[in-house]
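Student: Return atomic coordinates for the entry below.
(chains A and B)
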Amino acid sequence: MTQFRRYIPVIAVAIAVIILQVVLSKTGSTYYMTQITMSAFYALVVIGLCLLMGYAGQVSLGHAGFFAIGGYTAAVLTTFNLTAYSNTPVVSLCRSLGLLVQRQDIYGTDILAFSAWPAFAAAILLAIIIAFLIGLPVIRLKGHYMAMATLGFGLIIYRIVLGGRIFGQADGVSNVPPFRIIDGLEVNGRAAFRIESYYIAWFVVLAAMVLAINLVHSRVGRALRSIHENEEAAHSLGVNTYRYKLLVFILSAVFAAIGGVLLTHYNGSIGPSEVTVMKSVRYLVIVAVGGMANLWGALFMGVLLNFLSLRGVFGSYDDAVFAVILIAIMLFAPQGLLRMLNIRKISSLLPRRSNA
Amino acid sequence: MNLPQIVQYCFAGITVGSIYAIVAIGFNIIYNATGIINFAQGEFLILGAMLAITLNHFVALPIAIALSVVITTIVGGLIEIVFIRRARNASVLSLIVITIGISILMREAMLHIWDEKVRSLAYFTGTGVSSITILGAHISPQVLWVLGVSAVIVIGLTPFFRYTLTGRAMRACADDRMAARLCGINDKWMVTLSFMISAAIGALAGCVISPVTQTQYDMGAPLAIKGFTVAIVGGLGNSMAAVVAGLMLGLVEAFTMSQFDVAYKEAVSIVILLLILVLRPSGLFGKREIAAMRSL
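Tutor: Model (predicted):
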């Protein structure tokens, strides 16, 4: 029974997603779906960061970096024209393995580049490797030190993206093709694919949520919570705190990278603005507003705040709004906004920390 | 590289290095009083410079700088009273997040007050083209101002912390808050004072460096990262070591710039930061030296 109860919110959200789509289609305001889809991709980063911050108690100011590693890897691999190298053994091997795809860009030039799936795999693999290498030393650090180290990591990625010619420098990478998952199903930013992409995005988000919920309830999750409560005590009971924290760090990086890959295919481009410190701070704000160790709160706030921001509701005060929310939450409602409101109905729908 | 070039790079290095040291000392003063890192430290420099630039339209340069330091000091104090004091029982994680929020808020406020134009304060003596020749290298007189003011700040803080009652009270709070309170020291106001001093020296540093590096609303964050690097290299809380570390980082940066692309300048300090954090989190200067230098 308890097993089943923890998935009730998943079903509830799935139904809400369907109802929202129907309502938006009936009222002819499907254009809202574009931003909702984008918010869902950003929410992936937030879910991963929520696991890291709320459950493992590790602060990261560099998750925009992992988002960018995913996005830029996918963007570069799917747009970099290999036609000139088509006779080299590596390229012909990739071709015979079916990893490459031949297409024409808008000017009619022939482009030979990696297709979306191998690029996706490469992006995730790269994110795992980098998260492992960065996490290995950084996870040992505490509080300020970890915050600054991850901030430094984010800044290095920003510099690399801004300075590397292959990453398009300040312009970023554009003309990224859509992500064809199987024939007839693709993540595509064009209006015709709006509903399709919307459902794919939410499917991925809910899959990530199920994974996260299961993780929280598993042996790993219990170990993480014990770390969060009292690291020394956990350690003395034989919990390998270091390994679990590293695991969650890598997992959160993978979530961020998946979000990056999908959003890049959806937008058709990625630029350095995705890698700024402010982006990393923004993810952190959302996790804090959601209530740190509250996956559903993080998801809800992630979609809501990103949606409002993407719709331009905050105007030129966008970053300032996030800063004010951040300070206000930390001062007045460290348990998150949802808990502060204490609306019974909402909070009974959203499981508490003990059985989230 | 010939001698004049080396001298030139050395001067460039110690100029920015001394500013990094001032930022690091700002970090240290607040860290010693509260145990938190104030991510908004870089914004104090920019705020100080921006205020002085605007005030300089109405009053003479020295008065403009003095006023800007006073205003920034008040802002620093208010930040502590309004935000930090309320969150006294919060975890380190929350305090970090709060100061990050403050830094963004200050940056955005400056963006809306002063827009995104790059500005700079007038040269204290001479103009942008006047220079002094030292060992064949051409040095702007402003560089000497930067070095002089930094030296005054560093040297001035030592007797303040060592001999004045307030300075000693602050050190007592840093050592043992409870014991200090039992001695009748108002520890709340000592924390406020630490924010005010950090803001004041930040504003002053921002003003002297402004003619050389110019000032833009979003230049605070990189300065904070470098100041933090310096504070960590020297060992958190250790201000004398921060001066040495600051000059070292400045020199390393200057000579990297002479060899590599300017774009990698920022990466250098971050790589150093990561290496130090991983290899020697207590800083380059070991524990024993910290104890000896702690007297500042």
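Student: pLDDT weak spots in chain B?
Tutor: B:262-263, B:281, B:285-296 (pLDDT under 70).
Student: near chain A, which residues of it show up?
Tutor: Within chain B, the positions near chain A by Cβ under 8 Å from any Cβ of the partner chain are B:36-37, B:83, B:86-87, B:90, B:92-94, B:96-98, B:100-102, B:104-105, B:107-109, B:112, B:221, B:225, B:228, B:232, B:261, B:263-264, B:266-267, B:270-271, B:273-274, B:277-278, B:281. C-beta here means a position set from N, CA and C on the backbone, and glycine is covered the same way.
Student: hmm, try it at 6 Å
Tutor: B:37, B:86-87, B:92-94, B:96-98, B:100-101, B:104-105, B:108, B:228, B:263, B:266-267, B:270, B:273-274, B:277-278 (Cβ under 6 Å from any Cβ of the partner chain).
Student: Which of those residues fall within helices?
Tutor: Residues of the residues of chain B next to chain A located in helices (DSSP state H): B:92-94, B:96-98, B:100-101, B:104-105, B:108, B:228, B:266-267, B:270, B:273-274, B:277-278.
Student: Give the buried subset of the residues you listed as a PyMOL selection command.
Tutor: The buried residues among those can be selected in PyMOL (16 or more other Cβ atoms under 10 Å in any protein chain shown) with this line:
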select buried, chain B and resi 93+94+96+97+98+100+101+104+105+108+228+266+267+270+273+274+277
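Student: got the residues of the stretch 151-300 of chain A near chain B?
Tutor: Residues of the stretch 151-300 of chain A lying near chain B by Cβ under 6 Å from any Cβ: A:152, A:155-156, A:159, A:163, A:281.
Student: residues contacting residue A:65?
Tutor: A:153-154, A:157 (Cβ atoms under 6 Å, 6 or more residues apart in numbering or on different chains).
Student: what's the most distant pair in the residues of the stretch 151-300 of chain A next to chain B?
Tutor: Spanning the widest gap among these are A:163 and A:281, at 22.4 Å by Cβ to Cβ.
Student: Would you mind listing which of the residues of the stretch 151-300 of chain A next to chain B are buried?
Tutor: Among those, those buried by neighbour count (16+ other Cβ under 10 Å) are A:152, A:155-156, A:159, A:163, A:281.
Student: just curious, which of those is nearest to residue A:51?
Tutor: Relative to residue A:51, and with distances defined as Cβ to Cβ, the nearest of those is residue A:281, at 18.3 Å.
Student: JSON lines for the buried ones among the residues of the stretch 151-300 of chain A next to chain B, including pLDDT, secondary structure and distance to residue A:134?
Tutor: Output for those, formatted as JSON lines (pLDDT from 0 to 100; DSSP: H, G, I helix; E, B strand; the rest coil; distance: Cβ to Cβ, whole Å):
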{"residue": "A:152", "pLDDT": "84", "secondary structure": "helix", "distance to residue A:134": "10"}
{"residue": "A:155", "pLDDT": "85", "secondary structure": "helix", "distance to residue A:134": "13"}
{"residue": "A:156", "pLDDT": "86", "secondary structure": "helix", "distance to residue A:134": "10"}
{"residue": "A:159", "pLDDT": "85", "secondary structure": "helix", "distance to residue A:134": "15"}
{"residue": "A:163", "pLDDT": "81", "secondary structure": "helix", "distance to residue A:134": "19"}
{"residue": "A:281", "pLDDT": "87", "secondary structure": "helix", "distance to residue A:134": "18"}
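Student: quick one: the helices in chain B?
Tutor: Under DSSP H, chain B gives helices at B:3-34, B:41-55, B:61-79, B:92-114, B:141-163, B:165-175, B:177-182, B:187-213, B:220-234, B:239-259, B:265-279, B:287-293.
Student: what's the angle between the longest one and helix B:239-259?
Tutor: Meaning helix B:3-34. Helix B:3-34 runs at 140 degrees relative to helix B:239-259, counting by axes from the mean of the first three to the mean of the last three Cα atoms, to 10 degrees.
Student: Pull out the buried residues from helix B:3-34.
Tutor: Buried-residue list, helix B:3-34, by 16+ other Cβ under 10 Å: B:7-34.
Student: And for the second one?
Tutor: Buried residues in helix B:41-55, counting neighbours by 16+ other Cβ under 10 Å, are found at B:41-53, B:55.
Student: hey, C-alpha coordinates of it in PDB?
Tutor: Extracted C-alpha coordinates of helix B:41-55, given in PDB (Å, rounded to 0.1, in the frame of the first residue of the first chain):
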ATOM      1  CA  GLN B  41      32.100  41.300  -1.100                       C
ATOM      2  CA  GLY B  42      33.000  42.000  -4.800                       C
ATOM      3  CA  GLU B  43      29.800  44.200  -5.100                       C
ATOM      4  CA  PHE B  44      31.100  46.500  -2.400                       C
ATOM      5  CA  LEU B  45      34.000  47.500  -4.600                       C
ATOM      6  CA  ILE B  46      31.700  48.200  -7.600                       C
ATOM      7  CA  LEU B  47      29.200  50.100  -5.500                       C
ATOM      8  CA  GLY B  48      32.000  52.200  -4.000                       C
ATOM      9  CA  ALA B  49      33.400  53.000  -7.400                       C
ATOM     10  CA  MET B  50      30.000  53.700  -9.000                       C
ATOM     11  CA  LEU B  51      29.000  56.100  -6.200                       C
ATOM     12  CA  ALA B  52      32.300  58.000  -6.400                       C
ATOM     13  CA  ILE B  53      31.900  58.300 -10.200                       C
ATOM     14  CA  THR B  54      28.400  59.800  -9.800                       C
ATOM     15  CA  LEU B  55      29.300  62.000  -6.900                       C
END
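Student: what distance separates that helix from the centre of its chain?
Tutor: 12 Å (Cα atoms, centre = their mean, to the nearest Å).
Student: the inter-axis angle of it versus helix B:92-114?
Tutor: Using the same axes, to 10 degrees: helix B:41-55 against helix B:92-114 is 20 degrees.
Student: Return the residue of chain A that is most distant from the centre.
Tutor: Taking Cα atoms, centre = their mean, the residue of chain A most remote from its mean C-alpha position is residue A:87, at 37.1 Å.
Student: That residue should be in a strand, yeah?
Tutor: No: going by DSSP: H, G, I helix; E, B strand; the rest coil, the assignment for residue A:87 is coil, not a strand.
Student: distance of it from residue A:95?
Tutor: Here residue A:87 is placed at a distance of 10 Å from residue A:95 (Cβ to Cβ, to the nearest Å).
Student: Check residue B:1 too.
Tutor: Taking Cβ to Cβ, one finds residue B:1 at 49 Å from residue A:95.
Student: okay, those two: which has more neighbours?
Tutor: Between residue B:1 and residue A:95, counting by other Cβ atoms under 10 Å in any protein chain shown, residue A:95 is the more crowded of the two (15 against 10).
Student: what about the more buried one, distance to residue B:14?
Tutor: Residue A:95 is 56 Å from residue B:14, by Cβ to Cβ.
Student: can you check residue B:121 too?
Tutor: Taking Cβ to Cβ, one finds residue B:121 at 20 Å from residue B:14.
Student: Please tell me how far the closest residue to residue B:166 other than its chain neighbours sits from chain A.
Tutor: Nearest non-adjacent residue to residue B:166, counting by Cβ to Cβ, 6 or more residues apart in numbering or on different chains: residue B:193, 7.0 Å away. According to Cβ to the nearest Cβ, to the nearest Å, residue B:193 and chain A sit 22 Å apart.
Student: Run a quick neighbour tally on residue B:193.
Tutor: With other Cβ under 10 Å as criterion, residue B:193 counts 22.
Student: mind checking how far it is from residue B:42?
Tutor: 21 Å.
Student: do the same with residue B:231
Tutor: 12 Å.
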